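Novice: Need a 3D model of the sequence below.
(chains A and B)
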Number of protein chains: 2
Amino acid sequence: MKKKVFFQGEHGAFSEEAAFKYFGKNINSNSCYTFEQVFRSVRSTKYAYGIIPIENSLAGSLHLNYDLLMRYNLQIVGEINHRISHHLIGIKRSRIKDIKKIISHPVALQQCKNFIKTIKSIDVTETYDTAGSVKMLMKSGSINSAAIASYSASKLYGGKILKRNIEDYKENFTRFLLLSKKKVKTIGKPNKTSIVFTLKNESGILYKALSGFAIRGIDLTKIESRPIRERPFEYYFYLDFVGYIDDINVKNAIKQLRELTDYIKILGSYPKFMS
Amino acid sequence: MKKKVFFQGEHGAFSEEAAFKYFGKNINSNSCYTFEQVFRSVRSTKYAYGIIPIENSLAGSLHLNYDLLMRYNLQIVGEINHRISHHLIGIKRSRIKDIKKIISHPVALQQCKNFIKTIKSIDVTETYDTAGSVKMLMKSGSINSAAIASYSASKLYGGKILKRNIEDYKENFTRFLLLSKKKVKTIGKPNKTSIVFTLKNESGILYKALSGFAIRGIDLTKIESRPIRERPFEYYFYLDFVGYIDDINVKNAIKQLRELTDYIKILGSYPKFMS
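Specialist: Predicted coordinates for the structure are as follows:
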């Protein structure tokens, strides 16, 4: 049976691309309208996975998805870093010099500003979705229009890539998380664990909170504070570290952390992404 | 002479709204196309300020603006938290039951999804800019159309607010930074200092890096790690703490931090925002 994977966006979206990269092409990928729908679908479907973006190298962490991780009892079971590359896509007969109009989602247009400026008297039109703009383009059959979207979107709707990697910043990566209802037991690989916890705003408290990890030689790979708006002077902390949740030193570090906080949520242990 | 302030976006943008909240209405506010233009304009103009968003309660830190803070030698001289509220705006004669079409920037439309769903058979059209959509609406003079934008945009273009605060998540706040070429000397107020530094990925190194602050009782208000893509296993850290850069304990903490890192950039000391 094919793996069932839920993602947010239209088919050809970067999340779906990341899912293919993680699981291979032979999966049953399902488009959702919102991120919350991804969480709900995974919760209500047997043996299903979800894939969500959690941080981008230009735009930071998606707190909204951290909120959903805290609210839904799903496990992080994997991670993958995926480069966000935008391509100029035309219909098969189209050549780059024919292009008089470009359509895409405003965020993609924004990320390709410098390239778009190089084309004289171009008409730029915004659409709801990058992948959807390729679909629209193919339907129109116009040789004078091009869409900006992912490689998968071009492939999926039968487009032709007129120019590759037209994004202004090449260092545009998104880290995606794979979600499931059940833990995975991974053996042998280096594992990572993600947790969220709260701390009151006392000077030195973060230092104390990290001591349990430092004295046990546990490598941190991410830390981020986020103010809790309803409780001024309290913070959420996102912490990722190397180790599996059932490792004895990880267990002890978490136990020590519990002395300082009322709230810890273990989001999951999963194989570390190796590029 | 009026204060000159540069911001990104059209007049009526949230950045301009935050600038008015910070300095009062009697300023000379200048619209820029990109964030980098804000930095360049402040650099090349006498006695000018810039205002940029640095983090949002739903969408996280804007690494892109941290990159600009590291590249340009401007000082952070202030901060302000501003709530992002979206309003449904019509022309003066319009009533909410007349509305058959809504126009706005896709991000604003996205943030008001639940509200939009409540209106039967509504036509939704995307535009380049929230404030710009109000401008367009007023020009059209249609009683059947409405824009989604800020309070200032409504005011500026002579619109009428048909429904307030239609955003799905009320906890939508953005923290803005005020930039200038020169330091400000603030006395008496609680001050904050923002720095960026790098650390190699050794276990326990962040713990060591924080010790200089912990032992001196310096309160941290933000910490965030960000992988440096060109140098795997190294991280940037964003750190905000309470204190002025010339305070003796702050100086000593920074001195101690320098023993662990080759790169520290002091982004500025400035009065802490009080809500």
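
Novice: Going by C-alpha atoms from here, please, whenever you check contacts or count neighbours.
Specialist: Fine.

Novice: what about residue A:156, helix or strand, and which?
Specialist: Secondary structure from DSSP states H and E places residue A:156 in helix A:151-157.

Novice: what packs against that helix?
Specialist: Counting contacts by 3 or more Cα pairs under 8 Å, 6 or more residues apart in numbering or on different chains; DSSP states H and E, helix A:151-157 packs against helix A:130-140, strand A:160-163.

Novice: hmm, 10 Å instead?
Specialist: Secondary structure elements in contact with helix A:151-157, counted by 3 or more Cα pairs under 10 Å, 6 or more residues apart in numbering or on different chains; DSSP states H and E, are helix A:14-23, strand A:87-90, helix A:130-140, strand A:145-149, strand A:160-163.

Novice: from these, which stretch is densest packed?
Specialist: strand A:145-149 (a mean of 31; mean count of other Cα atoms under 10 Å in any protein chain shown).

Novice: in its sheet, what does that one sit against?
Specialist: When pairs are called by DSSP bridges, strand A:145-149 turns out to pair with strand A:87-90 (antiparallel), strand A:101-104 (parallel).

Novice: For the first one, give me every contacting residue.
Specialist: Pointing back at strand A:87-90 there. A:95-96, A:98-99, A:102-104, A:108, A:112, A:115-116, A:133-134, A:137-138, A:141-151, A:153-155, A:158-167 (Cα atoms under 10 Å, 6 or more residues apart in numbering or on different chains).

Novice: Where does pLDDT dip in the stretch 101-250 of chain A?
Specialist: For the stretch 101-250 of chain A, applying pLDDT under 70 flags the ranges A:187, A:232.

Novice: any idea which helix or strand carries residue A:198?
Specialist: strand A:191-200.

Novice: and that strand, anywhere near chain B?
Specialist: No. Against chain B, strand A:191-200 shows no contacts by Cα under 10 Å from any Cα of the partner chain, the least distance being 11.0 Å.

Novice: hang on, the earlier thing: could the helices and strands packed on helix A:151-157 go into JSON lines alongside distance to residue A:78?
Specialist: Output for the helices and strands packed on helix A:151-157, formatted as JSON lines (distance: least, Cα to Cα, whole Å):
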{"stretch": "helix A:14-23", "distance to residue A:78": "9"}
{"stretch": "strand A:87-90", "distance to residue A:78": "27"}
{"stretch": "helix A:130-140", "distance to residue A:78": "25"}
{"stretch": "strand A:145-149", "distance to residue A:78": "25"}
{"stretch": "strand A:160-163", "distance to residue A:78": "31"}
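
Novice: I'd like to know which of these is closest to residue A:79.
Specialist: For residue A:79, the closest of the helices and strands packed on helix A:151-157 is helix A:14-23, at 8.4 Å, according to Cα to Cα.

Novice: Next, see if stretch A:254-263 gets close to chain B.
Specialist: No. Using Cα under 10 Å from any Cα, stretch A:254-263 never reaches chain B; the gap is at least 14.1 Å.

Novice: Which positions within that stretch qualify as buried?
Specialist: A:254, A:256, A:257, A:260 (16 or more other Cα atoms under 10 Å in any protein chain shown).

Novice: Show me those residues that map onto helices.
Specialist: With helices taken from DSSP state H, the overlap with the buried residues of stretch A:254-263 comprises A:254, A:256, A:257.

Novice: with these in mind, which one is nearest to chain B?
Specialist: residue A:257 (14.1 Å; Cα to the nearest Cα).

Novice: can you tell me which residues contact residue A:32?
Specialist: For residue A:32, the contact set (Cα under 10 Å, 6+ apart) comprises A:6, A:7, A:8, A:9, A:10, A:11, A:38, A:39, A:41.

Novice: Please give the element, helix or strand, for the closest residue to the fifth one other than its chain neighbours.
Specialist: Yep, that's residue A:10 we're talking about. Once flanking residues are discounted, residue A:10 sits nearest to residue A:31: 5.8 Å by Cα to Cα, 6 or more residues apart in numbering or on different chains. Secondary structure assigned from DSSP H and E places residue A:31 in strand A:27-32.

Novice: Same question for residue A:213.
Specialist: helix A:205-214.

Novice: starting at the chain centroid, how far to the strand holding residue A:198?
Specialist: How far strand A:191-200 lies from its chain's middle: 18 Å, per Cα atoms, centre = their mean, to the nearest Å.

Novice: elements contacting it?
Specialist: Packed next to strand A:191-200, using 3+ Cα pairs under 10 Å, 6+ apart, are helix A:63-71, strand A:75-83, helix A:205-214, strand A:220-227, strand A:234-242, helix A:248-258, strand A:264-271.

Novice: that older thread, and the furthest pair within the contacts of residue A:32?
Specialist: Across these, no pair lies farther apart than A:11 and A:39, at 17.8 Å, counting by Cα to Cα.

Novice: of these two, who's got more company?
Specialist: Each of residue A:11 and residue A:39 has its neighbours counted (other Cα atoms under 10 Å in any protein chain shown); residue A:39 has more, 27 against 22.

Novice: and the more buried one, that's in a helix?
Specialist: Yes. Per DSSP: H, G, I helix; E, B strand; the rest coil, residue A:39 lies within a helix segment.

Novice: Tell me which residues touch it, please.
Specialist: A:6-7, A:32, A:49-52, A:65, A:68-69, A:71-74, A:179-181.

Novice: The same query, at a cut-off of 7 Å, please.
Specialist: Contacts here follow Cα atoms under 7 Å, 6 or more residues apart in numbering or on different chains; on that basis residue A:39 touches residue A:50.

Novice: Now do it against chain B, distance only.
Specialist: Note on residue A:39: its distance to chain B, by Cα to the nearest Cα, to the nearest Å, is 17 Å.

Novice: Check the gap between the residue nearest to residue A:157 when sequence neighbours are not counted and chain B for me.
Specialist: Spatial nearest neighbour of residue A:157, excluding adjacent residues (Cα to Cα, 6+ apart): residue A:135 at 5.9 Å. Using Cα to the nearest Cα, we find residue A:135 at a distance of 18 Å from chain B.

Novice: same check, this time on residue A:47
Specialist: 30 Å.

Novice: cool, residue A:152 as well?
Specialist: Distance, residue A:152 to chain B, using Cα to the nearest Cα: 23 Å.

Novice: Tell me how many other residues crowd that residue.
Specialist: If we define neighbours as other Cα under 10 Å, then residue A:152 has 18 of them.

Novice: who touches it in this structure?
Specialist: Counting by Cα under 7 Å, 6+ apart, residue A:152 touches A:12, A:17.

Novice: Might you enumerate the residues of the stretch 1-150 of chain A proximal to chain B?
Specialist: Proximity of the stretch 1-150 of chain A to chain B, by Cα under 7 Å from any Cα of the partner chain, involves residues A:57, A:58, A:59, A:60, A:61, A:62, A:63, A:64.

Novice: mind running it again at 6 Å?
Specialist: A:58, A:59, A:60, A:61, A:62, A:63, A:64 (Cα under 6 Å from any Cα of the partner chain).

Novice: ok, how many other residues are close to the last one?
Specialist: Applying the criterion other Cα under 10 Å, we find 17 residues in the vicinity of residue A:64.

Novice: wait, it sits on residue B:58?
Specialist: Yes. Counting by Cα atoms under 6 Å, residue B:58 is a contact partner of residue A:64 at 5.3 Å.

Novice: shared neighbours, those two?
Specialist: With contacts defined as Cα atoms under 6 Å, 6 or more residues apart in numbering or on different chains, no residue is adjacent to both residue A:64 and residue B:58.
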